[in-house]
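S.K.: Give me a model of this one.
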Amino acid sequence: MTMHSLPMYPPECGARGWRWWSHAIGMVLRGTTWRVALPIALVVGTTLGLVNQGAELASGNADTATVLRLVANYAIPYLVLSIGYLRAPIGNATPHERPAGTNGRVGHSPGERRGVRGYGESMTNQRADQELTSADHPVSPDGPRQPALLIFDVNETLSDMSPMGRRFEDVRAPVHLAKTWFAGLLRDGFALTAVGVNESFATIAAEALRVALDGQPLDRSTEEAVQHIMDGFAGLPVHPDVAEGIGSLRDLGIRLVTLSNGSASVAEALFDRAGIRDHFEALLSVGDAALWKPAAAAYAYALERCDVDPMDAMLVAVHPWDIDGAARAGLATAWINRPGGPYPDYFRAPDLQVGSLTELADELAG
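M.R.: Take a look at the predicted model:
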């Protein structure tokens, strides 16, 4: 695969706590909007200036009011051309139409009140104020190229979740229940995403545990068992190839960020333990986006935060559903296939398929 080096973008995706107006201004001034709207605004503004103020300019009678009208001839078309970006909806409602305090949710689930301490407590409820168009340039005209930005999934892609089985064993629940529980919480998160609801990973995980542990011969109360299992996230290791692979990818000069359906605080602790936190520009969570992955809005959120076009970014994940979602949003994709199993042919195929992050670094370096 031929790769082309790309200019690096300014590191903007670490910023947090955007308000709607600052986000709107950023979208009007972003590179994609600028490239599309500016040429048209220049043509329209020049035409209006010649028609409306041409005589004043030719006679030398232009004053301050004339200059202001000239500026308006250019500014108004530019803003009109940009307005579509500012009016993109969240789910079925704009920011002004959402009920106050709902953060895009409908109602208030019992599970939200029954979260578990320790996992995701720092996850913010502030989310991207718009569901952004996810792909301005869905395919690079030059074919496959080295990405300017790598966006990593976290759970199972970077973290090794096999120790979670021992947590189930600790409370006298079957070890195999760990995989069933995790698959179930993803299923329920996707189901909520399909109807436009963004619930926190921690809330769904804890409630799914209560359901999964019901009827099991536990050696403690259900709530104590749920807490013990959820605490396991705080001690997970990374996969053996992660530290070296991340270092090699960083050495290539590619920007690295994460985009997790879980909490950014869990990713932060995971990377601190592995000694790789400094390699990542930002740790992003769908808690700040409109919806979970694999919804297009989740990937669009990361692209917008990092000011990168879809064709200049690559999603790295072990989950075929994540690869498919990113591909449909216009990103390049790399599937980390550590077990060596087959890829489901009903999903869009990855651009790269490798067995480890070190192998991915080798591919991108070539």
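S.K.: Identify each of the strands in the stretch 151-300 of the chain and give its residue range.
M.R.: 255-260, 282-285 (DSSP state E, counting those that start in this stretch).
S.K.: need those in CSV with distance to Gly275 and mean pLDDT, can you?
M.R.: All C-beta spots, glycine's among them, are computed from the backbone N, C-alpha and C. Shown next, in CSV, are the strands of the stretch 151-300 of the chain (distance: least, Cβ to Cβ, whole Å; pLDDT from 0 to 100):
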stretch, distance to Gly275, mean pLDDT
strand 255-260, 14, 98
strand 282-285, 15, 98
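S.K.: Can you add mean neighbour count and distance to Ala302 and give the ones you listed back as a markdown table?
M.R.: Shown next, in a markdown table, are the strands of the stretch 151-300 of the chain (neighbours: other Cβ atoms under 10 Å; distance: least, Cβ to Cβ, whole Å):
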| stretch | mean neighbour count | distance to Ala302 |
| --- | --- | --- |
| strand 255-260 | 24 | 5 |
| strand 282-285 | 24 | 5 |
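S.K.: same question for stretch 197-215, mean pLDDT?
M.R.: Average pLDDT, stretch 197-215: 97.
S.K.: so how far is that stretch from its chain's centroid?
M.R.: Relative to the chain's own centre, stretch 197-215 is displaced by 22 Å; criterion: Cα atoms, centre = their mean, to the nearest Å.
S.K.: CA atoms only for it, dumped as CSV, please.
M.R.: Extracted in CSV, the C-alpha atoms of stretch 197-215 (Å, rounded to 0.1, in the frame of the first residue of the first chain):
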residue,chain,number,x,y,z
VAL,A,197,-30.3,8.0,23.4
ASN,A,198,-26.8,8.3,24.8
GLU,A,199,-26.6,6.6,28.2
SER,A,200,-23.3,6.3,30.0
PHE,A,201,-21.2,3.2,29.8
ALA,A,202,-21.0,2.9,33.5
THR,A,203,-24.8,3.1,34.0
ILE,A,204,-25.5,0.4,31.4
ALA,A,205,-22.6,-1.8,32.7
ALA,A,206,-23.8,-1.7,36.3
GLU,A,207,-27.4,-2.4,35.4
ALA,A,208,-26.5,-5.2,33.0
LEU,A,209,-24.5,-6.7,35.9
ARG,A,210,-27.5,-6.7,38.2
VAL,A,211,-29.5,-8.5,35.5
ALA,A,212,-26.7,-11.0,34.8
LEU,A,213,-26.0,-11.8,38.5
ASP,A,214,-29.6,-12.3,39.4
GLY,A,215,-30.1,-15.9,40.6
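S.K.: before we move on, the earlier item: and of the strands of the stretch 151-300 of the chain, who's closest to Ala334?
M.R.: strand 255-260 (12.7 Å; Cβ to Cβ).
S.K.: In terms of secondary structure, what does that closest one contact?
M.R.: strand 149-152, helix 242-251, helix 264-274, strand 282-285, helix 296-306 (3 or more Cβ pairs under 8 Å, 6 or more residues apart in numbering; DSSP states H and E).
S.K.: Measure how buried Asn73 is and give me the count.
M.R.: Neighbour count of Asn73, defined by other Cβ atoms under 10 Å: 20.
S.K.: quick one on the thing from earlier: with distance to Phe190 as added columns, please give the helices and strands packed on strand 255-260 in CSV.
M.R.: As requested, the helices and strands packed on strand 255-260 are arranged in CSV below (distance: least, Cβ to Cβ, whole Å):
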stretch, distance to Phe190
strand 149-152, 19
helix 242-251, 25
helix 264-274, 19
strand 282-285, 16
helix 296-306, 11
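S.K.: Figure out which of those is closest to Thr66.
M.R.: helix 296-306 (37.8 Å).
S.K.: Which among the helices and strands packed on strand 255-260 is found nearest to Val354?
M.R.: When the helices and strands packed on strand 255-260 are compared by Cβ to Cβ, helix 242-251 sits nearest Val354, at 9.5 Å.
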